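Trainee: Dropping the sequence and predicted coords here.
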Amino acid sequence: SITLDYGAILVGGLLGFGLSGCVNMQFIVYCRVYFCDSWRTKRLSTEFRLLDLCHSALVACALWDSIIATDGELNKLDIIPWYV
């Protein structure tokens, strides 16, 4: 049914946002504790954080497009947006 599909998508998105928050907190702790690390290590950590933020933004776009924008229209369920 459509409600079970949307529910699974929503739970997966919320779990992804929760894990993204954990990554952000680990980044903040890393920056405060290991401020004397080399610039390469800091850059790598920053790149991972930015990739995670981009992933969260794409998940938010996918959730919006699949749940809010379609407004339950069944003929739009087969369309896969570019950001998924």
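Mentor: Sure thing, it's come through. Numbers count the residues shown, from 1 in each chain.
Trainee: Going by C-alpha atoms from here, please, whenever you check contacts or count neighbours.
Mentor: Will do.
Trainee: Number of residues surrounding residue 73?
Mentor: Residue 73: 10 surrounding residues under other CA atoms under 10 Å.
Trainee: roughly how far apart are it and residue 38?
Mentor: Counting by CA to CA, to the nearest Å, the separation of residue 73 from residue 38 is 52 Å.
Trainee: which one in the protein is furthest away from the centre?
Mentor: Largest separation from the mean C-alpha position in the chain: residue 36, at 29.5 Å (CA atoms, centre = their mean).
Trainee: Quick one, grab the pLDDT at that one.
Mentor: The score at residue 36 is 93. That number is its pLDDT.
Trainee: which element follows the longest helix belonging to the chain toward the C-terminus?
Mentor: The residue-count maximum for a helix in the chain (DSSP state H) belongs to helix 2-33. Using DSSP states H and E, the next helix or strand after helix 2-33 towards the C-terminus is helix 39-63.
Trainee: For that following helix, buried residues please.
Mentor: For helix 39-63, the neighbour count (16 or more other CA atoms under 10 Å) marks 42, 45, 49, 52-53, 55-56, 59-60, 62-63 as buried.
Trainee: which of the residues you listed lies closest to residue 11?
Mentor: residue 63 (10.4 Å; CA to CA).
Trainee: Nearest residue to the middle of this structure?
Mentor: Computing the C-alpha centroid of the chain and ranking residues by CA atoms, centre = their mean puts residue 56 first, at 2.0 Å.
Trainee: who touches that one in this structure?
Mentor: Contacts of residue 56 were listed using CA atoms under 8 Å, 6 or more residues apart in numbering, and they are 16-17, 20.
Trainee: rerun that using 7 Å as the cut-off
Mentor: Going by CA atoms under 7 Å, 6 or more residues apart in numbering, residue 56 touches residue 17.
Trainee: Of all the helices and strands in this protein, which has the lowest average confidence?
Mentor: Counting by mean pLDDT, DSSP states H and E, the chain has its least confident helix or strand at helix 2-33, which shows a mean of 90.
Trainee: Between helix 39-63 and it, find me the angle.
Mentor: Angle, helix 2-33 to helix 39-63, by axes from the mean of the first three to the mean of the last three CA atoms, to 10 degrees: 160 degrees.
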